[in-house]
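> please work out how this folds:
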Amino acid sequence: MFKKMRSLLTGALISITACWWDGIIAFTIASPPLSYTVRPSPTTTTTSTSHSWGWLRPVRGGMSPLSSSSPLAPPGLNKITALETTPVEGMKPGTSGLRKKVKVVRDGLYLHNFVQALFDTLPPHEKKGATMVVSGDGRYYNREAIQIIIEIAAANGVGRLWIGKGGIMSTPAVSAVIREREGGVAVGGIILTASHNPGGPEEDFGIKYNMGNGEPALEAFTDAVYAATLNIEEVQVLTNCPKVNLDKLGVTRVGDMVVEVIDPVQDYLAVLKEAFDFDLLKAFIARPGGFKLVFDAMHGVAAPYAQVVLGQELGCPPSSFLHPDSKEDFGGLHPDPNLAYASDLVKTMGLLPSGAPVPPSADSEDVPDLGAAADGDADRNMILGKRFFVTPSDSLALIAANAEAIPFFRDQGGLKTVARSMPTSQAVDRVAKAKGLNCVETPTGWKYFGNLMDALALGGKEEYNPILCGEESFGTGSNHVREKDGLWAVLAWLSVLAHHNPEGDAPLKPVSAIVQEHWAAYGRLVMEGERGRGWGRLLVLHGRWSVGGCV
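Numbering: from 1, shown residues only. Coordinates of the predicted model:
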């Protein structure tokens, strides 16, 4: 069922202007200046017919008035201290949060300032007694940062924090927990991640905020947080805060706040099981004709999720996993799932660093049938076949063309919309045109896909769900959460393979054949040499060539 959006921003999205051009809808998104001081915090159910989305909470089946998410722990002996501070330069968030070197974040009150500015920006009713999620991708400084956030959250009146065991939770899993756990009571979440950037004492750290609908905060909110960092004078902290054991499931009282360490996988797994046919995928992986998958977690947060989803649930053996454990420094790897950095997987799949196939040899049969990788926080993906590289744009287009293989789309009457970021190729556009789907081009940033997913709740007139979204930077996902999702993409490809291989004992139709059949049906968009500052684009359609976009 489509979930209505509860935005933290009053009128954050006031217009969605659609322009139709050659089968593509281009959206213009307008946001007014924010003010968090003029809206009163409701204490009772409102009977007004007007809607202020910040007063409402998403739950299965509709909207309910905002209220305290759970009984607070008995009052403790709180010792709240105001630490004097001054503004620190360089706190303007980028496309998806704030990313800095660890040594910058650890210096003085840098992290304290940003977190306090975030709490200062939230309306009072989004803090007092509320439930929030706090977790990260497990990179260096993750645990220390969580403890600091606990101290500040408790001092700012938060009622409950959900933290993944070990302090880790993938970015799509955080979105799932915000939206689904206890019916969607969380007001938002703080995610500690620098995504695909390296980790370690000399490397990168990041922090971002996700809204109550599970999507990354819009610019109106992040701009308000940045403005707060420029005027900050003090940070509220609970100075007698106990150290929370992040490695043990359970509840810890922290002053008047409850910290609950939760299983970081189960809520997310439940969402995936609603989207895919796990019994079918398990049977496909065990097919008599043989099938071999290899997944590279790149020592990122995807590791425990892959072990549960692909290993325990779908039956992939231990040999299926590369770099299968999470590490603070990602094992020295650059956790970006592409041909350059996922070199071990690329070699395993019989490919050269360029993506070209290694010539077949006597050991060709040892090459797996499907290879996949995820980045540090498990929201990006790379898909490889046996000696075959699938570009992100082709991956998006092919999933769209085979959407009937995915129960999430099929059970809702079929895929309705495809959306891509502006730099992503128009390969998916051709699928949309052929199948009569909405086709939307957005600015770069997953938050804009979230606007489409929640268009009705934001005052729009059209329902775009179920929707398939993708971007050129190896991001793929749908409206099952409000983030791109690396493991979702892997399960989508397994579903496509199972769809094209209904006879378990027949020879496997490989990834390469499925993609080549797709090209034959829809054409192929290829990059042909750098021309000036851009790239020349050629679309091959049954032997005909056209420069530029679709023909």
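> pretty sure R181 is touching W162, no?
Yes - at 6.9 Å, R181 counts as touching W162 under the criterion of CB atoms under 8 Å. Backbone N, C-alpha and C define where each C-beta goes, glycine included.
> okay, these two: which has more neighbours?
More crowded of R181 and W162, by other CB atoms under 10 Å: W162, with 25 against 18.
> just say helix, strand or coil for the more buried one.
strand (DSSP: H, G, I helix; E, B strand; the rest coil).
> my guess is it contacts I262, does it?
Yes - look at W162 against I262 with CB under 8 Å: they come within range, at 5.3 Å.
> pull out the buried positions in stretch 255-271.
Using 16 or more other CB atoms under 10 Å as the test for burial, stretch 255-271 gives 255-259, 261-262, 264-265, 267-269, 271.
> what's the overlap in contacts for W162 and I262?
Each of 177, 181 lies in contact with both W162 and I262 under the rule CB atoms under 8 Å, 6 or more residues apart in numbering.
> other residues contacting the helix or strand where H112 lies?
Under the criterion of DSSP states H and E, H112 resides in helix 110-121. By CB under 8 Å, 6+ apart, the residues outside helix 110-121 that reach it are 36, 83, 85, 87-88, 91, 98, 100, 104-105, 127, 145, 148-149, 152-153, 156, 190, 207, 209, 221, 224-226, 228-229, 232, 234-237.
> distance between it and the chain's centre?
Relative to its parent chain, helix 110-121 has a centroid offset of 23 Å by CA atoms, centre = their mean, to the nearest Å.
> likewise stretch 278-287?
Going by CA atoms, centre = their mean, where stretch 278-287 is centred and where its chain is centred differ by 26 Å.
> got it, and stretch 280-295?
Centre-to-centre, stretch 280-295 and its host chain are 26 Å apart (CA atoms, centre = their mean).
> next, the distance between the ends of that stretch.
19 Å (CA to CA, to the nearest Å).
> so for that stretch, what gets flagged as buried?
Of all the residues in stretch 280-295, those buried under the rule 16+ other CB under 10 Å are 281, 284-285, 287, 291-295.
> ditto for stretch 413-422
In stretch 413-422, counting by 16+ other CB under 10 Å, buried: 415-421.
> closest to I383 among the residues you listed?
Nearest to I383 among the buried residues of stretch 413-422: R420, at 16.3 Å, using CB to CB.
> coming back round to it: drop anything exposed from the contacts of helix 110-121.
36, 83, 85, 88, 91, 98, 100, 105, 127, 145, 148-149, 152-153, 156, 190, 207, 209, 221, 224-226, 228-229, 232, 234-237.
> which of those residues fall in strands?
Here DSSP state E is the test, and these give 83, 98, 100, 190, 207, 209, 234-237 as lying in strands.
> I'd like these as TSV, with pLDDT appended.
Below are those laid out as TSV (pLDDT from 0 to 100):
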residue	pLDDT
L83	96
L98	94
K100	96
I190	98
I207	97
Y209	96
E234	98
V235	98
Q236	97
V237	97
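> turn those residues into CSV, columns for distance to F321.
CSV is the format used below for these (distance: CB to CB, whole Å):
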residue, distance to F321
L83, 44
L98, 32
K100, 31
I190, 29
I207, 29
Y209, 32
E234, 47
V235, 42
Q236, 43
V237, 40
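> wait, which of these is closest to A373?
I207 (24.4 Å).
> need the contact list for that closest one.
Contacts of I207 by CB under 8 Å, 6+ apart are 97-98, 105, 111, 114-115, 145, 190-193.
> least confident pick among those residues?
Lowest pLDDT of these: G97, 87.
> from V254, how far off is that one?
25 Å (CB to CB, to the nearest Å).
> repeat for N210
22 Å.
> name the spans of the protein whose pLDDT lies under the cut-off.
Where the chain drops to pLDDT under 70, the residues are 1-77, 362-365, 525-551.
> let's check: the centremost residue of it is which one?
In the chain, the C-alpha nearest the mean C-alpha coordinate belongs to E483, at 2.9 Å (CA atoms, centre = their mean).
> my guess is that residue contacts G445. True?
No - counting by CB under 8 Å, E483 stays clear of G445, with 11.5 Å between them.
> find residues that contact each of those two.
P216.
> quick check on G97 and V254: which one has the bigger neighbour count.
Neighbours per residue, other CB under 10 Å: of G97 and V254, the larger number sits with V254, 25 against 21.
> okay, and the beta partners of that one?
M257 (DSSP bridges).
> and it, how far is that from W446?
Distance from V254 to W446, by CB to CB: 32 Å.
> now do I163
23 Å.
> repeat that for R482.
8 Å.
> neighbour-wise, which of the two wins?
Comparing R482 with W446 by other CB under 10 Å, the one with more neighbours is R482, at 28 against 22.
> now the more buried one: phi and psi?
phi -120, psi 30 (degrees, to the nearest 10).
> ok, now how distant is G486 from I168?
Counting by CB to CB, the gap from G486 to I168 is 15 Å.
> the more surrounded of the two?
G486 (32 against 29).
> let me see the contact set for the residue nearest to the more buried one when sequence neighbours are not counted.
In this structure, G486 finds its nearest non-sequential neighbour in A374, 3.5 Å apart by CB to CB, 6 or more residues apart in numbering. Shown in contact with A374 (CB under 8 Å, 6+ apart): 295-298, 300, 302, 306, 337, 380-381, 486-487, 490.
> how about TSV for those, with distance to Q516 and secondary structure added?
Shown next, in TSV, are these (distance: CB to CB, whole Å; DSSP: H, G, I helix; E, B strand; the rest coil):
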residue	distance to Q516	secondary structure
F295	24	strand
D296	24	strand
A297	29	coil
M298	28	coil
G300	31	coil
A302	29	helix
A306	28	helix
P337	23	coil
R380	25	strand
N381	21	strand
G486	25	helix
L487	26	helix
V490	21	helix
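> I'd like those as JSON lines, with distance to P216 appended.
What follows is the contacts of A374, written out as JSON lines (distance: CB to CB, whole Å):
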{"residue": "F295", "distance to P216": "25"}
{"residue": "D296", "distance to P216": "25"}
{"residue": "A297", "distance to P216": "23"}
{"residue": "M298", "distance to P216": "22"}
{"residue": "G300", "distance to P216": "19"}
{"residue": "A302", "distance to P216": "19"}
{"residue": "A306", "distance to P216": "23"}
{"residue": "P337", "distance to P216": "20"}
{"residue": "R380", "distance to P216": "14"}
{"residue": "N381", "distance to P216": "18"}
{"residue": "G486", "distance to P216": "16"}
{"residue": "L487", "distance to P216": "18"}
{"residue": "V490", "distance to P216": "22"}
